[in-house]
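A.B. asks: Give me a model of this one.
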Amino acid sequence: MSANSPTPFTGPQLLLPFAACAAEAWQPTMKALPAEGTRNLAQLLKGMESVHTDEADAHTLSPPHERALGRALGIADSATPDGLIPWAARDAAQHMPGAGGKAWAWITPCHWAMGREHATLTDPAALGLQEGESRALLSAMQPYFVDDGITLNYVPALGPARWLAEGELFRGLPTASLDRVLGRNVDPWLPKQDKQDPKGTARKMKLLQNEMQMLLYTHALNDERAARRLLPVNSFWLSGTGALAAGYAAGEVPAAPRSLAQAVFADDWAAYAQAWAALDANEVAALLARQRAGEAVRLTLCGERGATTFETGHDGFFARIASALSPTPLLKVLEPL
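C.D. replies: This is a model prediction of the structure:
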């Protein structure tokens, strides 16, 4: 997927998920952005050069921003299989004693909106799950998961919207990021049984998903939620599967604001334009100030297909002429992503 390999970086980093996307409204929205709304970004990019490109397509299980973040954190590299960035194992290493070496996954309680031909995954944030509700659901679902050698864990630090699941089944099972499937038909993104899955793990997960849909359909908690006019929890999403490599050492955590992503998932393009203006006035402006103070900084712009990482230009000819260059139009930078 990657055209070159990024070098380790310990300076200030900013990573922007969904700086570009495939929605029809994206390009008109970007063309309508006033120049002053991304003035700081234009100035920042003038003093930078591209140091890494990540090119794939919009059907990878791990989206570009997760691949970039995984590389920055030291839990992924160019050899990491698609859909196996061990996000849950990283959380487990931070919050679960004795988690090392085990295989983990994220289990996200969610609502599937059932249509005539397929189910669409609703943003789990819309459920507004409370801790008591989440714990009750976990308790009801746990016995079914145990039958497949999976242990569910409620971790207060992660909040009620996501659980950690431990089980050997997750070690080599590729899964799709929630960011790939939100608001979309779930079918193309479910784990698939193929020749690389001789143990039938994907089939086991499908059967487990069906069991949970039947269980949740009649669960008292959903009756209570219906009385409060809240969406029912009628399924779960499996993601973040895998195990950390031996000798894992945590990397620097880039700032990765989610405001653009949230606007895309809400299909709110006025909010998307506002998010760009807010980012430019805050996070981007702060990075530009540090660049102008002489620090080396890194910026990664991510779309649904790929990502490009920029760093402060090295001393020499590029640095001397950067301030005199006309900024590259932002749309031209983002369209390939």
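
A.B. asks: Just give the nearest non-adjacent residue to residue 12, would you?
C.D. replies: Nearest residue to residue 12 in three dimensions, chain neighbours excluded: residue 297, at 4.8 Å (CB to CB, 6 or more residues apart in numbering). (Glycine included, C-beta is placed from N, CA and C.)

A.B. asks: hang on, the one you found packs against residue 287?
C.D. replies: Yes: under the criterion of CB atoms under 8 Å, residue 297 makes contact with residue 287 at 5.1 Å.

A.B. asks: Kindly point out which residues are neighbours of both of those two.
C.D. replies: Common contacts of residue 297 and residue 287 (CB atoms under 8 Å, 6 or more residues apart in numbering): 12, 14, 44.

A.B. asks: Just put the residues you listed in a markdown table and tack on pLDDT.
C.D. replies: What follows is the shared contacts of residue 297 and residue 287, written out as a markdown table (pLDDT from 0 to 100):
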| residue | pLDDT |
| --- | --- |
| 12 | 93 |
| 14 | 97 |
| 44 | 93 |
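
A.B. asks: and those, which of them are in helices?
C.D. replies: Judged by DSSP state H, helices contain the following of those: residue 44.

A.B. asks: now the shared contacts of residue 297 and residue 287 in TSV, with distance to residue 83?
C.D. replies: Putting the shared contacts of residue 297 and residue 287 into TSV (distance: CB to CB, whole Å) gives the following:
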residue	distance to residue 83
12	30
14	26
44	32
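
A.B. asks: Out of the shared contacts of residue 297 and residue 287, which is nearest to residue 80?
C.D. replies: Nearest to residue 80 among the shared contacts of residue 297 and residue 287, counting by CB to CB, is residue 14 at 22.6 Å.

A.B. asks: so where's the chain shaky on pLDDT?
C.D. replies: 1-7, 195-199, 314-328 (pLDDT under 70).

A.B. asks: For it, which segments count as strands?
C.D. replies: 13-16, 48-55, 104-110, 112-114, 119-121, 151-153, 163-166, 235-242, 298-302, 306-312 (DSSP state E).

A.B. asks: So what touches the third one?
C.D. replies: Strand 104-110 is contacted from outside by 86-89, 91-92, 121-122, 124, 127, 129, 134, 137, 152, 161-167, 170, 173, 175, 178, 233-243, using CB under 8 Å, 6+ apart.

A.B. asks: Just the buried residues from those, in ChimeraX please.
C.D. replies: Listed next is the ChimeraX selection for buried residues among the contacts of strand 104-110, using 16 or more other CB atoms under 10 Å:
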select :86,87,88,89,91,92,121,122,124,127,129,134,137,152,162,163,164,165,166,167,170,173,175,178,233,234,235,236,237,238,239,240,241,242,243
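
A.B. asks: Roughly how far does residue 127 sit from residue 54?
C.D. replies: 32 Å (CB to CB, to the nearest Å).
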